[in-house]
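Colleague: Give me coordinates for this.
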Amino acid sequence: MNIGDAARLSGVSAKMIRYYEEVGLIPSVSRTEAGYRIYKDADVYKLHFIRRCRDLGFSLSQTGELLSLWGNHSRHSADVKSIVESHINDLTLKIEEFQRMASILTTLSACCAGNEKPDCPILKALYLADTSHLQDIENCP
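Modeller: Have a look, this model is predicted:
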């Protein structure tokens, strides 16, 4: 099958398939005499696996590790679990950071009158060089 068919069946765009090949996440596939890539069902399964990993936020490096483990039938499930638990920890930290940012922005939004006057505490807070105090905002200026 051609790259368009592989893209459709795997849910990975043709552009991303080319990119994954370029960065070595997937091996180069055989080509026709005209230079068109030829994909097999096994390639589509790999691409689908990669898409699921990327949908879950795994980095390219982590995806490569998981792909390698997936193809290794003598793997230890502990190796897979270790990658997943590390990713969970990273996601948890990002969630906490996003919650902190949302809290700060919610407070700043509440402080802004949102009227026709030019004074805006949101812009003032964003302008300040040291924004570490923003998480402690309780009263609007």
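Colleague: quick one: the helices in this structure?
Modeller: 3-10, 14-22, 41-55, 60-70, 77-111, 121-127 (DSSP state H).
Colleague: How about the contacts made by the residue of the chain most remote from its centre?
Modeller: Most distant from the centre of the chain: Lys117, at 39.8 Å, with distances by Cα atoms, centre = their mean. Going by Cβ atoms under 8 Å, 6 or more residues apart in numbering, Lys117 touches no other residue. Backbone N, C-alpha and C define where each C-beta goes, glycine included.
Colleague: same deal with Tyr20?
Modeller: By Cβ under 8 Å, 6+ apart, the contact set of Tyr20 is Val12, Ile26, Leu47, Ile50.
Colleague: I'd like to know how many residues surround the third one.
Modeller: Around Leu47 sit 22 other residues, with neighbours defined as other Cβ atoms under 10 Å.
Colleague: for the second one, same thing?
Modeller: A count of nearby residues for Ile26, using other Cβ under 10 Å, gives 20.
Colleague: And the residue nearest to it when sequence neighbours are not counted, how far from Ser103?
Modeller: Nearest residue to Ile26, sequence neighbours excluded (Cβ to Cβ, 6 or more residues apart in numbering): Tyr20, at 4.8 Å. From Tyr20 across to Ser103, the span is 37 Å (Cβ to Cβ, to the nearest Å).
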